[in-house]
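A.B. asks: predicted coordinates and the sequence they were generated for:
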Amino acid sequence: MTDNLAELNIRQELGVSGGWDEKKDEKFFDTTTGVYNRDALNIWGQTEIDIAKRQKLPVTVAMFDIDLFKQVNDSIGHPQTDVLLKKTITEVKQTLRESDLLFRYGGDEFVILLLDSGMDNSRDVVMPKVEQVFLRNGLSISAGIHEIDKREKLEEVLRKVDSDLYEIKHRKKHE
């Protein structure tokens, strides 16, 4: 199934059952970066996953955190950090497919729902592109990534990728 067809099927079903029009409501967007916020993830994330599962499409969740973000903030100040963050996240969004959903989870943490993308593609193709965007902007990231199996719920997968993310950050600090 092509990415566009998967996107169309998911969006059509959401339009009927998931309140897609409500997703245009500004309360579901992060004001700094313009991407969906954590409330949007909490409300619609599982719906997106359930629809993809019913269509037997793989779904991978990636959570990434900007390395040493507080130091960047301290060195260039909040206003410039916000400009840098918005620019970088806009570029990240442009590297993703329309069917991939990017959320600001909190502070310097973001979640991507990679719909119709298995672990290998997400890990070996998508996330390196995301990482390159950050590197071009003088930043680096740490990421946890997990393909959802048919029994898992978003909440438990978020715990897993968050744990993986912090394990990676811990290893980076001690290298």
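C.D. replies: Here it is on my side, so go on.
A.B. asks: quick one: end-to-end distance for stretch 90-108.
C.D. replies: 14 Å (Cα to Cα, to the nearest Å).
A.B. asks: that one: which residues count as buried?
C.D. replies: For stretch 90-108, a neighbour-count test (16 or more other Cβ atoms under 10 Å) marks 92-93, 96, 99-105, 108 as buried. Heads up, the C-betas are built off the backbone N, CA and C, glycines and all.
A.B. asks: for stretch 134-146, same thing?
C.D. replies: 134, 137, 139, 141-146.
A.B. asks: so what would you say the end-to-end distance of stretch 134-142 is?
C.D. replies: 11 Å.
A.B. asks: what's in contact with it?
C.D. replies: 64-69, 72, 84, 87-88, 91-92, 130-131, 165, 168-169, 172 (Cβ atoms under 8 Å, 6 or more residues apart in numbering).
A.B. asks: rerun at 10 Å
C.D. replies: Outside stretch 134-142, the residues that touch it by Cβ atoms under 10 Å, 6 or more residues apart in numbering are 62-69, 72, 76, 84-85, 87-89, 91-92, 108-110, 127, 130-131, 133, 164-173.
A.B. asks: now that we have the residues you listed, which of them are buried?
C.D. replies: Applying 16+ other Cβ under 10 Å to the contacts of stretch 134-142 flags 62-67, 69, 72, 84-85, 88-89, 92, 108-110, 127, 130-131, 133, 164-165, 168-169 as buried.
A.B. asks: what helices and strands are in contact with the helix or strand harbouring residue 165?
C.D. replies: Take DSSP states H and E as the rule and residue 165 turns out to sit in helix 154-173. When contacts are defined as 3 or more Cβ pairs under 10 Å, 6 or more residues apart in numbering; DSSP states H and E, helix 154-173 sits against helix 38-54, strand 59-66, strand 109-115, strand 141-147.
A.B. asks: please name whichever of those is nearest to residue 29.
C.D. replies: helix 38-54 (7.5 Å; Cβ to Cβ).
A.B. asks: tilt between that closest one and strand 109-115?
C.D. replies: 20 degrees (axes from the mean of the first three to the mean of the last three Cα atoms, to 10 degrees).
A.B. asks: hmm, back to that, how about JSON lines for the buried residues of stretch 134-146, with distance to residue 40 added?
C.D. replies: Converted to JSON lines, these look like this (distance: Cβ to Cβ, whole Å):
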{"residue": "134", "distance to residue 40": "22"}
{"residue": "137", "distance to residue 40": "24"}
{"residue": "139", "distance to residue 40": "24"}
{"residue": "141", "distance to residue 40": "21"}
{"residue": "142", "distance to residue 40": "23"}
{"residue": "143", "distance to residue 40": "20"}
{"residue": "144", "distance to residue 40": "20"}
{"residue": "145", "distance to residue 40": "20"}
{"residue": "146", "distance to residue 40": "20"}
